[in-house]
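*Asks:* okay, here's the prediction I keep looking at, along with the sequence it came from:
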Amino acid sequence: MKPKNAIGLAIFGWFLALFLSEAKRPLRLGVENKSTRVIRNVMIAGVSAILLQVIDSPLTDLLSRKVARKRLGLLNLVSLPQTFKLVGSVILLDYSLYLWHVLNHKLPVLWRFHVVHHVDLDLDASTAIRFHAGEMAISILWRLLQIRFLGISPLGLQLWRALLMGSILFHHSNIRLPIAIERTLNGFVVTPRMHGIHHSVVEGETNSNWSSGLTIWDKLHGTYRNDVPQDQIIIGVPAYQQKQDVGLRSMLSLPFVHQPPSWNFVLPEGNHETK
Ligand SMILES: [Zn+2]
C-alpha cells in the first residue's frame, strides 16, 4: 500500500474511533440532530476535498519538491540531520498555522469564510472537516508561503498534514476525557475542552485558544484559556443561532451574501460574559 493511502486509512480509522467514543462519553449536549449535522458537515468537506485534490496537492507538492531540490527557506539555511528538519518543519508549520488562524478571525475578508466553520451549533469530530472550499482555496496561498519561506520538504509537509489532521479531529471531538488525562495532554497539545472554548458564542472566549496542534503558541501569546466550564459554553456564533440559519445551502453561500455583524447579538439566557 502506498504511504499516502496508509495515512488516509489511519486517519479514517481515527475519525471512526473518535466518532464512536463521542456517542459513549459525550462532553457537551447536542443541539441539532446528529446525523443531519454530520451529513451536512461531510458534504461541506466533500466540496473542499475535491478542490484540495485538484489545486492544493499539485501546487504544494510541486513547490515543496523545488524547495528541497534548491535548498530554499529557513530550514535549509544550515545543514541539519533529516530528523531535526522534520521536527523543525512540524513545529514551524504549527506556529505559522496559529498565526493564520488568528488572521482568519481578525481580517473581515477571511472571517467571511472561516465563519462557516464556527457557525456549527454543535462541536464534534465532523466539525473538524467542515471548512468552506473558499477558505481552503485562500489558505493554499498561506501554505505556499509556509513551504517556501520555512523550507518545507515533501516529507515534512506530509508528516505535518497527517499530524494536523489527527489533532484537529481530536480537539474538535465531543469526547469527555477524564479531567486529569485532559489536563496532562493539555500541557502539550490542544484538547476538546480547550478548543470548545474557542467555539463559544462569547466573543472574548472565541478570541482565545487559536492553536491547532501544540498549546505552547497560545501560552506564549497569552491567548490560552482553560477557565470556562463546558456546560456553560454555547457553541456557535451569536448571529446564527437558529437551526434554519445553518442549512447546507446557506452555509455554502454564506461567504458571498450579506453577513450581519457576527457578535452584536443578545446572547441566550443563562450565558455569561467574559472576564
Ligand atoms: Zn477559529
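*Replies:* Okay, I see it. Worth saying up front: this structure is predicted, and the values here are computed from it rather than measured. Numbers count the residues shown, from 1 in each chain.
*Asks:* how much space separates the nearest residue to Leu72 once chain neighbours are set aside from Ser64?
*Replies:* Take Leu72 and drop its neighbours on the chain: the residue closest to it by C-beta to C-beta, 6 or more residues apart in numbering is Gly151, 5.9 Å away. Every residue, glycine included, has its C-beta placed from N, CA and C. According to C-beta to C-beta, to the nearest Å, Gly151 and Ser64 sit 9 Å apart.
*Asks:* the residue nearest to Leu72: what's it in contact with?
*Replies:* 67, 71-77 (C-beta atoms under 8 Å, 6 or more residues apart in numbering).
*Asks:* can you turn the buried part of those residues into a PyMOL selection?
*Replies:* Of the contacts of Gly151, the buried ones can be selected in PyMOL as follows, counting by 16 or more other C-beta atoms under 10 Å:
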select buried, resi 67+72+73+75+76
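*Asks:* determine which two of the contacts of Gly151 are furthest apart.
*Replies:* The two members of the contacts of Gly151 with the most space between them (C-beta to C-beta) are Val67 and Leu77, at 12.3 Å.
*Asks:* could you list the low-confidence segments of this protein?
*Replies:* For the chain, the stretches with pLDDT under 70 are 266-275.
*Asks:* the helices in it, which residues?
*Replies:* 3-24, 34-51, 57-70, 82-106, 108-118, 133-150, 154-172, 179-186, 192-198, 203-206, 216-221, 248-253 (DSSP state H).
*Asks:* want to throw those helices into a markdown table with distance to Asp124?
*Replies:* Formatted as a markdown table, the helices of the chain follow (distance: least, C-beta to C-beta, whole Å):
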| stretch | distance to Asp124 |
| --- | --- |
| helix 3-24 | 5 |
| helix 34-51 | 8 |
| helix 57-70 | 27 |
| helix 82-106 | 19 |
| helix 108-118 | 13 |
| helix 133-150 | 19 |
| helix 154-172 | 7 |
| helix 179-186 | 16 |
| helix 192-198 | 9 |
| helix 203-206 | 18 |
| helix 216-221 | 22 |
| helix 248-253 | 16 |
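*Asks:* who wins for proximity to Asp231 among those?
*Replies:* helix 192-198 (10.4 Å).
*Asks:* tell me which other helices or strands that closest one touches.
*Replies:* The elements that helix 192-198 packs onto, with contact taken as 3 or more C-beta pairs under 8 Å, 6 or more residues apart in numbering; DSSP states H and E, are helix 154-172, helix 179-186, helix 203-206.
*Asks:* and the shortest one, how far from the chain's centre?
*Replies:* It stands for helix 203-206. Helix 203-206 has its average C-alpha position 16 Å from the chain's average C-alpha position, going by C-alpha atoms, centre = their mean, to the nearest Å.
*Asks:* give the other helices and strands that that helix contacts.
*Replies:* Against helix 203-206 (3+ C-beta pairs under 8 Å, 6+ apart) you get helix 192-198.
*Asks:* mind checking how far the helix it packs on is from the chain centre?
*Replies:* The answer for helix 192-198 is 11 Å, by C-alpha atoms, centre = their mean.
*Asks:* contact partners for Asn264?
*Replies:* By C-beta under 8 Å, 6+ apart, Asn264 lies in contact with 238-239.
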